[in-house]
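>>> for reference, the sequence and a predicted model appear below.
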Amino acid sequence: MTTATLLRSPLTGARSPGPALAGLAAVVAPARSARVALAGAVASVPPIAALHLDAPSGTSMARTTISDVVVTTPAGEPLFALTAGALAVAGIALVRALAGLSGTAWTRALLAGWALALVAAAVFPTNLPGRPGDTSSTIHLIAGAAVFALLPLAAVRLWRRLARTLADGLRRTLLAVGLVSGALSTALIVNRIPGVLGAADLSLPPGLLQRAAGAAQIVLAALLGLGLLRSRAAQAAAASGS
């Protein structure tokens, strides 16, 4: 045995774990963020449910918008802020879960805008029914439209990016909920445009339509978190096995 053989490191010739560990680390943190997004979507449900249970008696949920319920319920604004805040956290977590994933720049921008719009809608409430609109109500209206418009767009873009890495059932469900959410959001915004212009709203019941669109948003946010979690888990398994 030569001196060179004796001095050789026992790890010489062994496969370096560096690339595998780096690949694993690159998906572990995004997977954690995806879990936070899923948890944020779930956590948004109890406050909004409590808001509706605490609404003034006689309130028509079919005709009265969530925004009007918020300003006419004693604890409406804090409850709505909890729901909007939980969804905003979910939106930022989705942005972080997409970190390092190529071709997602626009999707991350849409999700960040969605989270910002949620915060704005909570910080700037609408006016009391029967009172003239003001700056706060105008910001609330714009932010609300952004909330309902941005998430379905982000979801469809993300579905296209993740389609090959998701199971068939989850892939179809994500697309279906994304399209339904987009259709409800479009109907909600179109229904509101005449009122913004000073004319009567369309015949669709605004409260019912808004609640359906809002429920679809919560389900969609949860599905996006679940989809990213499954996708990142598959990437982690591939990295650890490589």
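Looks like it came in fine.
>>> okay, now the unreliable bits of this protein?
Counting by pLDDT under 70, the chain contains low-confidence ranges at 1-28, 195-203, 235-242.
>>> kindly list the longest helix within it.
Criterion DSSP state H: the longest helix present in the chain is helix 206-241.
>>> can you name every helix or strand that that one contacts?
When contacts are defined as 3 or more CB pairs under 8 Å, 6 or more residues apart in numbering; DSSP states H and E, helix 206-241 packs onto helix 18-43, helix 66-72, helix 76-97, helix 135-162, helix 168-196. In short, each C-beta sits where N, CA and C put it, glycine included.
>>> need the winner for burial among the ones you listed.
The highest mean neighbour count among the helices and strands packed on helix 206-241, using mean count of other CB atoms under 10 Å, belongs to helix 76-97: a mean of 23.
>>> buried set for the next helix or strand after it?
Next helix or strand after helix 76-97 toward the C-terminus (DSSP states H and E): helix 105-123. By 16 or more other CB atoms under 10 Å, the buried positions in helix 105-123 come out as 107-108, 110-122.
>>> tell me which residues are up against helix 105-123.
77, 80-81, 84-85, 87-92, 94-95, 98, 139-140, 142-144, 146-147, 150-151, 153-154, 157-158, 161 (CB atoms under 8 Å, 6 or more residues apart in numbering).
>>> for it, list the C-alpha coordinates in CSV.
Below are the C-alpha coordinates for helix 105-123, written out as CSV (Å, rounded to 0.1, in the frame of the first residue of the first chain):
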residue,chain,number,x,y,z
ALA,A,105,-43.2,35.6,-12.4
TRP,A,106,-46.6,36.8,-13.6
THR,A,107,-48.4,34.3,-11.3
ARG,A,108,-46.5,35.5,-8.3
ALA,A,109,-47.3,39.1,-9.2
LEU,A,110,-51.0,38.3,-9.5
LEU,A,111,-51.0,36.5,-6.1
ALA,A,112,-49.1,39.4,-4.4
GLY,A,113,-51.6,41.8,-5.9
TRP,A,114,-54.5,39.7,-4.6
ALA,A,115,-53.0,39.7,-1.1
LEU,A,116,-52.5,43.5,-1.2
ALA,A,117,-56.1,44.0,-2.4
LEU,A,118,-57.4,41.9,0.5
VAL,A,119,-55.6,44.1,3.0
ALA,A,120,-56.8,47.2,1.3
ALA,A,121,-60.4,46.0,1.3
ALA,A,122,-60.2,45.3,5.1
VAL,A,123,-58.4,48.6,5.9
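>>> how much does that helix deviate in direction from helix 206-241?
Per axes from the mean of the first three to the mean of the last three CA atoms, to 10 degrees, the angle that helix 105-123 makes with helix 206-241 is 140 degrees.
>>> quick one: helix 105-123 to helix 135-162, angle?
Using the same axes, to 10 degrees: helix 105-123 against helix 135-162 is 150 degrees.
>>> distance to N127 added to the helices and strands packed on helix 206-241, as JSON lines?
Formatted as JSON lines, the helices and strands packed on helix 206-241 follow (distance: least, CB to CB, whole Å):
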{"stretch": "helix 18-43", "distance to N127": "29"}
{"stretch": "helix 66-72", "distance to N127": "7"}
{"stretch": "helix 76-97", "distance to N127": "13"}
{"stretch": "helix 135-162", "distance to N127": "4"}
{"stretch": "helix 168-196", "distance to N127": "13"}
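>>> doesn't Q217 make contact with V45?
No. Between V45 and Q217 there is no contact under CB atoms under 8 Å: 11.5 Å.
>>> joint contacts of those two?
By CB under 8 Å, 6+ apart, no residue touches both V45 and Q217.
>>> the more surrounded of these two?
The neighbour count for V45 versus Q217, taken as other CB atoms under 10 Å, is higher for Q217 (25 against 14).
>>> so the more buried one touches L150, yeah?
No. With contact defined as CB under 8 Å, Q217 does not count as touching L150 (9.9 Å).
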